[in-house]
Each structure stands twice: as structure tokens, then as C-alpha cells.
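**Q** Fold the following, please.
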Amino acid sequence: MQTIANLFRNNMREYGMVIALILITGLFFFLSDGVNLKPLNLTNLILQNGFILVLAVGMVLVIITGNIDLSVGSVVAIIGAIAGVLIINMNVPVWAAVVIALVAGALIGVWQGFWVAYVGIPSFIVTLAGMLIFRGLTLYLLDGQSLAPFPDSFQRISSGFIPDMFGNGSLHITTMVLSILLSVVLIYLEFNKRKTQIQYQFDIMPLWVSLVKLIALISVINWFAYQLALNKGIPTVLIIVLILIIVYTFIMNNTIMGRHIYATGGNKKAADLSGIKTKRVVFWVFVNNGILAALAGLMFAARLNSATPAAGNMLELDAIAAVFIGGASMAGGVGTIIGSIVGGLVMGVMNNGMSLISIGIDWQQFIKGMVLLVAVGFDVYNKKKG
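**A** All right, here's what the predicted structure looks like:
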């Protein structure tokens, strides 16, 4: 029991947010008479929040290094504008426009990363300037007007679904097959992890605890997949998000680059003395964030089916809130990809649930602000307690 207590104590923020997500979902299930867990609404939840989750993945790396990026909402807007001008006005092929837009996002990251990492201007100031610069450029490119519509091939970035290779019945069989395969992989990874921990004589959880956690996770995944299968199956957006989760979780947990990012945010001076090129780390984290913000911009434009000057407004606050709610620390050095995704889902479920029960936008903003304040306050409390 002591081992279990230590598990919850050491991972209080992560488990706390998962529990909060479950409770919030249950609350809105009751208040909306179960509408929030209907297949159509679950699909819409993914489509509406996919780009915020992409932004959260990039933002958590920036915040782990002890920085912040206030410009991602404006980057979303200018990337949508670039895509609109290229595809709609200049008839550039969709694939080429996507590549150009991602390169533009990388160049934005290079620009901001240079000022933060090598010139030494605080990231708050650099990205606040970026917010104004890129919003202004968006207005210039679009001449203050929206561009629409995008071709169907571009729209499928945010509205497409994985085709069913096993038929066209009422149940999307491919979705269920992929869900079962994912379950098998998770079982393998869990027991392989236990085997490694035993081999190196680490403290491990009792087998029954691992089994309960695994059964609960697999049950949720397969239930969720079944609900999606009752509608149109797995959205393309979900595949993009899952790939990012897998890739960036691996980078942060299993690579030298990931350890350098945590070290830079945890104690920059100590990292410098250890031989870590912290300026280079911060620079590449901003480049990475620019690329992911560009990807989110493409997804947002595809979702709206238009490039508009107001695109991405306040999205930077949603991304930052998702990261802090998911357990990241304002001081840097703390945060996880999974945590930021959970934080983003908390925000998404709250937005969706409050809309379903007709809560006004004024109270929605108030409630989200209070949730963010409590999450950051909890982090400060833990630090003082420690």
C-alpha cells in the first residue's frame, strides 16, 4: 500500500487531471442527458479540438524550457492566409501549399528562436511582438477579407476519416480492428516495462495495480473506438494527434534531446555547466513550435473551409491553459506530452459541455479562467509545500 501511496503522491498532477477529466465528463453527461457521449458529439469534439491539441504539444516543450509563446494564435492565422493565397488565388497544388506553409512555420520559429535564444530577449516580449507582427501580416495578405472555399482535398485534413477496408456497414470495422491492435500493443508495452524494471531492480507496482490500470485504459479506448465506429470511424485529425503524441513522448522520455530540454528548463546554469548547449535547445524548441503551429493553422483553415483575418484569435491562451492544466510548471523543467493532451481534453470537454447545456460565452470564459487559476495555484502550493 505504501508503494501505491507513493505512486499517487509522485504523480498527483497527472492522475488528478485524469480524474478531473472523468468527473467533468460525468457531470456534463448528467447535465446534457447523455448527449456529450453520443457518437456524433464525440466525433465533433475531436474535430473541434484537434488543432488545440497540436498547439499544446508544441507549447509544452516551450514551457518546459522556461519560456512561453504568445504568438501561436497569430501564426495559425497567417499560415491559413498563406494557404488560402497559394491554393485559392494562385492555384498551387494542395501538397505544395502544405509544404510551403510548414516551411513558413519553421521560418517563423527560426525568427523567434533567434531573438529569444541568441539575443536574449525574454520570450514573453518576442512572442508578444510576434503576435502583433503576424496578425498584421495576415490582414495584409488577405486585404482584410476572407478567402473561400478550399478544395475538398485540403478540407480532408480536418474533416476526413479513415476509410473502412472491411465494408460499408453501420459499424466501421477498421476502427475496431485498429482499436484492438492498439490494445495489444499497450499490453505488450506494459509488461515489457515491468520486465525491464524487475531486471534493473527498480521499485514496481504490484501486478494487480498494473492490471487494473491496463484494463481500465483498454476499456476506455475500445469503448471510445466503438462510439466512433458507430458514426464515421476515426477522423484524420485523431490520427495526426496520435502520431504526434507517440513521437514526442518518445523524444521527451527516451532521447538525449528530451533530457536536454528538461535540463534547460530545470536549471539553465547547471545545464550550461554540464555542457548542454542551452541556447541551441531553446532555438530548436521554438522552431519546432513554429512547425506545429503551422500544422494547426492548416487544420484550422481546413476546418473553417476559409482563410480569415480573425482565425486563431485567443488560441494561444487555450494552448497555454491546456499545458498548465496538464501539469506543467511555470518555472520550467516540468511537464509531459500526455499531461498537455489531458489538459487540452479538459478544456475541450468543458467548452463542448457548456455549449450543450447553453451556458453563455461570458460564463464559459469565467469558468475556464477559474480552472486555469486553480491549476497554476495548485502548482505553486506544491512547490511551497515541497
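**Q** Please make it C-alpha for all contacts and neighbour counts, starting now.
**A** OK.
**Q** Could you double-check that Ile68 sits in contact with Ala56?
**A** No. With contact defined as Cα atoms under 8 Å, Ile68 and Ala56 do not form a contacting pair (11.6 Å).
**Q** The two: which has the busier surroundings?
**A** Each of Ile68 and Ala56 has its neighbours counted (other Cα atoms under 10 Å); Ala56 has more, 31 against 24.
**Q** I'd assumed Leu317 was in contact with that one.
**A** No. Here Ala56 does not reach Leu317: they are 10.1 Å apart, not a contact under Cα under 8 Å.
**Q** which residues do these two both contact?
**A** Counting by Cα atoms under 8 Å, 6 or more residues apart in numbering, no residue touches both Ala56 and Leu317.
**Q** Neighbours of Gly120, how many?
**A** For Gly120, the count of nearby residues is 12 (other Cα under 10 Å).
**Q** can you check the one 4 residues further on too?
**A** Counted with other Cα under 10 Å, the burial measure for Phe124 works out to 15 neighbours.
**Q** and it, how far is that from Ile108?
**A** Distance, Phe124 to Ile108, using Cα to Cα, to the nearest Å: 15 Å.
**Q** for Gly266, same thing?
**A** 26 Å.
**Q** Residue nearest the middle of the chain, spatially speaking?
**A** Leu53 (2.4 Å; Cα atoms, centre = their mean).
**Q** didn't it look like it was pressed against Ile338?
**A** No. Between Leu53 and Ile338 there is no contact under Cα under 8 Å: 10.3 Å.
**Q** where does the stretch 1-150 of the chain have low pLDDT?
**A** Along the stretch 1-150 of the chain, segments meeting pLDDT under 70 span 1-14.
**Q** got the residue ranges for the helices in it?
**A** Here the stretch 1-150 of the chain has its helices, by DSSP state H, counting those that start in this stretch, at 2-10, 12-31, 39-64, 72-84, 94-113, 123-142.
**Q** Turn those helices into a markdown table, columns for distance to Val184.
**A** Listed next are the helices of the stretch 1-150 of the chain as a markdown table, based on distance: least, Cα to Cα, whole Å:
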| stretch | distance to Val184 |
| --- | --- |
| helix 2-10 | 25 |
| helix 12-31 | 22 |
| helix 39-64 | 24 |
| helix 72-84 | 37 |
| helix 94-113 | 34 |
| helix 123-142 | 43 |
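**Q** Point out the most buried one among the ones you listed.
**A** Ranked by mean neighbour count, those are led by helix 72-84 with a mean of 30 (mean count of other Cα atoms under 10 Å).
**Q** In stretch 203-215, which residues have enough neighbours to count as buried?
**A** For stretch 203-215, a neighbour-count test (16 or more other Cα atoms under 10 Å) marks 204, 214 as buried.
**Q** mean confidence score for that stretch?
**A** What stretch 203-215 shows for mean pLDDT is 82.
**Q** from the chain's centre, how far out does it sit?
**A** Its chain's C-alpha centre and that of stretch 203-215 lie 27 Å apart, by Cα atoms, centre = their mean, to the nearest Å.
**Q** Repeat that for stretch 291-301.
**A** Stretch 291-301 sits 12 Å away from the centroid of its parent chain (Cα atoms, centre = their mean).
**Q** Thr264 belongs to a helix?
**A** Yes. Note on Thr264: a helix contains this position according to DSSP: H, G, I helix; E, B strand; the rest coil.
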